[in-house]
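# Fold the following, please.
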Amino acid sequence: MMTIKRILAFTLLLAFASITSANCLPEDATPADVRSVLECQLGEPTANTAPARTDQLAFWRQQATSFEELAGTYESSGQRSLQVLSNNLKTRAELAAADMSKFEQTGDVCNVAAYKDNTWFWGAGLRLNRVNSRTDLQAPTMAGCAGTPEIPAMSLVDQVQESCESAESCNQGLAAVEPLTMALRSTRAVARLNSESALTTLQQQITEKDEAWDRYLFESKPLWPWELAFTDWWHDRYDDTYAQGFRRPPPKQIILMHPSIGAEWIDNATDGDRFAPTIYVEIVGVNYWDDTNRWFRDSWLSSLSGASLAVTVTDRPGINTVGAGPLLTFDNTFEVGINYYGEGEFGVMVGINLMKLWKGDYEKRVNRLKNAGR
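The predicted structure is shown next:
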């Protein structure tokens, strides 16, 4: 029922606009009158007709269809400049619909969303901004921007003046552009309201991402600098274009040549050497630091966050110095491994991540940097 009421109100407003816009046309218009007529026709609506969020996708799809139909009408009448303008607006509306569709799927607002005010802003120069090309971003955890080719900037005055000059009379050309300006005016009104609400949504998402980064920096498995760099590279974090906006932290950590210390039990070692300290290096592995991304989220193994291949070095009489085996990480902190030393000798090891020794100082330094940035 609410949707029907909004559509009815919108239709009535357009009807009212079509009556009042007749006052915008002079009796004998010339190309010099185009700017003043457009400024009159593109005046702000007198009522708020923005659809509810649940109606947004349908609104932008309908606008794209309307601009496409207008382009067809102008093509039939030979008004090439208005056809080009309509197709430009159609592409913008299609992009808005694609961005809105991704927003409904992922809950993320693209930082340069096409349905925001900037894409439909014409200002005092009556010139629509250029929309830069973007690649399609498929990852559901990233900001949801739809892919698009570049949409060129376009001067409303230039396009309408060309139509005005090619028509039998300038009044005829200005009358022909009236349905287009009415559609554009309503689209701009919705885009402006979306800009206001998008800022609030973006602020909420940035706060959520900032909190996720705090968890990643302070609660995940501490990594050595080369592991942090490799994890960023693996997840394509070295992108200074910010096409995906303010990114969330990587979903998993890449473990690479990670040294630690631990203690190991070998049952067949000599008395006094069965339980001894050991040095181990995780050669390669992965750790899902966030419990929402782990392998076994709904079982008793939900605390299992990572697995890696480890090499141990220990000094026991009668036992090989070097062993190797799998190492499991639980809740980013506790590590348990089984190592094989050859000749049927196995050891059970519990690990202590060396980076934990500097965690307190590390947190102080990070918080100091964040506070300095504010």
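# which one is residue 177 nearest to, not counting chain neighbours?
Distances taken as Cβ to Cβ, 6 or more residues apart in numbering put residue 160 closest to residue 177, at 5.3 Å, once the chain neighbours are dropped. In short, each C-beta sits where N, CA and C put it, glycine included.
# For the stretch 251-374 of the chain, which segments count as helices?
359-373 (DSSP state H, counting those that start in this stretch).
# Which pLDDT value belongs to the nearest residue to residue 294 once chain neighbours are set aside?
In space, not counting the residues next to it along the chain, residue 294 is nearest to residue 288; the distance is 4.6 Å by Cβ to Cβ, 6+ apart. Among the per-residue scores, residue 288 holds a pLDDT of 93.
# State the number of residues packed around residue 257.
13 (other Cβ atoms under 10 Å).
# now residue 174
25.
# SS state for it?
Under the three-state scheme (DSSP: H, G, I helix; E, B strand; the rest coil), residue 174 adopts helix.
# Relative to residue 165, how far out is it?
Note on residue 174: its distance to residue 165, by Cβ to Cβ, to the nearest Å, is 11 Å.
# Could you do residue 288 as well?
Separation of residue 288 from residue 165 (Cβ to Cβ) stands at 65 Å.
# more crowded one of those two?
residue 288 (21 against 13).
# Does residue 227 touch residue 255 like I think?
Yes. Contact between residue 227 and residue 255 holds when scored by Cβ atoms under 8 Å: they sit 6.4 Å apart.
# quick one, which of those two is more surrounded?
More neighbours surround residue 255 than the other of residue 227 and residue 255, with 25 against 21 (other Cβ under 10 Å).
# what bridges to the more buried one?
residue 285 (DSSP bridges).
# Phi, psi for the residue nearest to residue 177 please.
Phi and psi for residue 160, reported as degrees, to the nearest 10, are phi -70, psi -40.
# Contacts only, for the nearest residue to residue 278 once chain neighbours are set aside.
Computed as Cβ to Cβ, 6+ apart, the closest residue to residue 278 that is not its neighbour in sequence is residue 314, at 4.1 Å. Residues counted as contacts of residue 314 (Cβ atoms under 8 Å, 6 or more residues apart in numbering) are 264, 276-279, 321, 323, 347.
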